[in-house]
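[1] I'd like to go over a predicted model; first the sequence, then the structure.
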Amino acid sequence: MDKNEIVRLLSIDDRILAEDIQRLLDESGIYTLLVSDNPASSVMNAYTGLNAIERIEIQINKLDYQQAIEALHQSPYKDLV
C-alpha cells in the first residue's frame, strides 16, 4: 500500500457543508482536499453571488480513512457516512 495514496471519503453537493467537514477533520489532525467538479463555481460566487451547482469530493490520505470515519460518526455529520 502506498502511504501517500489519496482516496475519496465523501462526495456532496454543498460547499459550505464540505468546508465544515473539512474543518472538523482538520481539527482531528486529518488533512483533507476538496475537489470540485465545477472549479469555476468559486469564481462565479465571488463575482455574482450565485452558488453554482457543483459536486464536492472530500479526499484524504488512505491511512487516515478509519480515523476520519470515526470522527464523522462522533459528529453531526454521521448520517453522511
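    Done, it's in. It should be emphasised that the depicted structure is a prediction, and the values quoted were computed from it without experimental measurement.
[2] rest of the way, CA atoms for contacts and neighbours
    Fine.
[3] contact partners of the longest helix seen in the chain?
    Longest helix in the chain by number of residues (criterion: DSSP state H): helix 15-27. Residues from elsewhere that reach helix 15-27 (Cα atoms under 8 Å, 6 or more residues apart in numbering): 12, 31-34, 56, 58, 68, 71, 77.
[4] CA atoms of the one helix or strand residue 58 maps to as PDB?
    Element membership for residue 58, per DSSP states H and E: strand 56-61. Taking Å, rounded to 0.1, in the frame of the first residue of the first chain, the C-alpha atoms of strand 56-61 are listed here in PDB:
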ATOM      1  CA  ILE A  56     -17.500  18.400  -4.000                       C
ATOM      2  CA  GLU A  57     -15.400  15.400  -3.300                       C
ATOM      3  CA  ILE A  58     -13.600  15.200   0.100                       C
ATOM      4  CA  GLN A  59     -10.400  13.400  -0.300                       C
ATOM      5  CA  ILE A  60      -8.000  12.200   2.400                       C
ATOM      6  CA  ASN A  61      -4.900  10.000   2.800                       C
END
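[5] Let me know the pLDDT of residue 39.
    If you check residue 39, the pLDDT there is 64.
[6] following the longest helix of the chain, which helix or strand comes up?
    strand 32-36.
[7] Off-centre distance for that next one?
    Averaging C-alpha positions (Cα atoms, centre = their mean, to the nearest Å) puts strand 32-36 5 Å from its chain's average.
[8] And that strand, what does it pack against?
    Judged by 3 or more Cα pairs under 8 Å, 6 or more residues apart in numbering; DSSP states H and E, the packing partners of strand 32-36 are helix 15-27, strand 56-61.
[9] re earlier: tell me the angle of the longest helix of the chain relative to strand 32-36?
    Angle, helix 15-27 to strand 32-36, by axes from the mean of the first three to the mean of the last three Cα atoms, to 10 degrees: 160 degrees.
[10] Buried residues of helix 15-27, list them for me.
    15, 18-19, 21-22, 24-25 (16 or more other Cα atoms under 10 Å).
[11] Tell me which of those residues has the lowest pLDDT.
    residue 15 (87).
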